[in-house]
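Participant: One predicted model, sequence on top.
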Amino acid sequence: MTYRDVVSKKVMVWALVSVGARMPVAMAPLALVFLVRERPGGYALGALLAAVYVAGEIVGAPLLGMYLRPERARAHLAVGLAAGATGFTGLGLLPDAPAAVLAPLAFLAGAAPAAATGGLRTLLTGLVAQRAVTQALSVESTLVSAIWALSPVTVTGLALGAAPRVPLLLAAGLMGASVAGLWLLPAGWAANPADRDGVSMPRLLARGWPVYVTGAASLSVLALAELVLPALLEQRAIAVGWSGPLLMGLALGSGVGAILYGLRSWPWRLPTLSLVLMCGVSACIALVALIPRAGWMAPALAGAGVLQAGVMVTRNLTLREALPPSALAAGYSVMYAAVGLGYAATGSLAGALLRFVAPSTAILAGVGLTLLLTVAGATGEYRRTGSGSGGGRTVSGAGGVAGPEGAPISRGGHAEGGL
């Protein structure tokens, strides 16, 4: 099994739609800061608008994800993305409006399309054969890394070179274009509601809580490094301008890691592999806090990116094991919200700690908290699966989740490739 099995016209269309839907999400926080930074107290207002936008994502993802129906997912996603494009358009057209006007628009831009991540991921796995799911998720992770690496440069260049409103208008145009592109993709995916065994959606989604905890922890520790890195460089008497190249290396490492993850089979069960990778990410970030020179920080951050990409792919695969097909899109949306909540909580923690301790100490404290969350998530997963349940399952980059002999394991006879 190779990445050639993922390449198809439908997947290429999906990639274009995904860029249109996700790049505005990556652009939004920084674009909101640039939108109002020239006002009195503009940076504080920009931070507030960015926080409102993230709050919209955190609220919208689980609520809208639970109402995402497999048979009419395209229409649901189209409405959400169109509403999000409307929010971005309002922000771009009303840059001088009072905060009481901009805040609801920011919330709408964040909340309305928040279920798109889960829906698009489920659509992608339905476009490929079951044996190619790992490669498909690796491709998605690589695409997301590229989007997040490109977005800050795009926002900065357009806001300073053209006008502060331009990045938000571009975001609106991209999201609107993604709505049109949806009609070139399937209307949804096949899923039998009976696979829920009469369990309500909230209770069903609660089964995946260990996955959500570990997913939030994986991004939280990287968020801590990103947010504290400028202060850490100052502490080390290193030019703050190095933060840009260092963070770009982190993003590039994540993209490379996602590709490498899908190239081979891995010998451990998904929870075990995720735990090992998370410990590796935490170790890399701890090294960043301790290393005195930027030249050595770069490989540590790149290594963290490589390992974190593997964590996110294993999280998605583990969620596919924990939930039935009819609940996957909602589960992905809940994990998206959990990751956003973890990022927001980490930002608050970093800001609070920097008032009392050195940046390096703040990073190490965040790493400790991340390890606690990782252990909690891993313990929950082992209790959910049982020491013997699924114990032979390994992660196969060559063919999805495999049994002891490497043969693909079906989910109750359901053809995942037909979702």
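Facilitator: It's in.
Participant: Run through the residues that contact the nearest residue to L323 once chain neighbours are set aside.
Facilitator: Nearest-residue entry for L323: G331, 4.6 Å, with adjacent residues in sequence omitted and distances by CB to CB, 6 or more residues apart in numbering. Quick note: C-beta positions are derived from backbone N, CA and C, even for glycine. Residues near G331 by CB atoms under 8 Å, 6 or more residues apart in numbering: 65, 118, 205, 208, 211, 319, 322-323.
Participant: G331 and G244, how far apart?
Facilitator: G331 sits 35 Å away from G244, going by CB to CB, to the nearest Å.
Participant: ok so, going back, so which of the contacts of G331 comes closest to L81?
Facilitator: Set against L81, the nearest of the contacts of G331 by CB to CB is G118 (13.1 Å).
Participant: check contacts around the closest one.
Facilitator: Contacts of G118 (CB under 8 Å, 6+ apart): 61, 65, 68, 328-336.
Participant: So which of those is the closest to L369?
Facilitator: Closest to L369, out of all of the contacts of G118 and judged by CB to CB, is M335, at 19.0 Å.
Participant: correct me, but that closest one touches P210?
Facilitator: No. Applying CB atoms under 8 Å, one finds M335 not in contact with P210, separated by 11.0 Å.
Participant: Comparing those two, which residue is more hemmed in?
Facilitator: Taking other CB atoms under 10 Å, M335 and P210 do not tie; M335 has more neighbours (28 against 24).
Participant: which ones are touching that one?
Facilitator: With contacts defined as CB under 8 Å, 6+ apart, M335 is in contact with 118, 208, 211-212, 215, 315, 319.
Participant: ok, it to A115 distance?
Facilitator: The spacing between M335 and A115, counted by CB to CB, is 12 Å.
Participant: residue contacts, the residue positioned nearest the centre of the chain?
Facilitator: Nearest to the mean C-alpha position of the chain, counting by CA atoms, centre = their mean, stands Y336 at 6.1 Å. By CB under 8 Å, 6+ apart, Y336 lies in contact with 57, 61, 65, 114, 117-118.
Participant: Quickly note the distance from it to L63.
Facilitator: Relative to L63, and taking CB to CB, Y336 is found at 12 Å.
Participant: Helix or strand: which one has the residue nearest to the centre of the chain?
Facilitator: Using DSSP states H and E, the element containing Y336 is helix 328-353.
Participant: The helix or strand where L229 lies to helix 328-353, inter-axis angle?
Facilitator: According to DSSP H and E, L229 maps onto helix 209-235. Angular relation of helix 209-235 and helix 328-353 on a 0 to 180 degree scale: 30 degrees, by axes from the mean of the first three to the mean of the last three CA atoms, to 10 degrees.
Participant: Would you mark the buried spots in helix 209-235?
Facilitator: In terms of neighbour count (16 or more other CB atoms under 10 Å), helix 209-235 has its buried residues at 209-233.
Participant: Please parse the protein into its domains.
Facilitator: Residue ranges for the domains of the chain, per automatic domain parsing: 1-190, 195-387.
Participant: Kindly reformat the contacts of Y336 as TSV containing distance to V101 and secondary structure.
Facilitator: Shown next, in TSV, are the contacts of Y336 (distance: CB to CB, whole Å; DSSP: H, G, I helix; E, B strand; the rest coil):
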residue	distance to V101	secondary structure
E57	20	helix
A61	24	helix
G65	28	helix
A114	21	coil
T117	27	helix
G118	30	helix
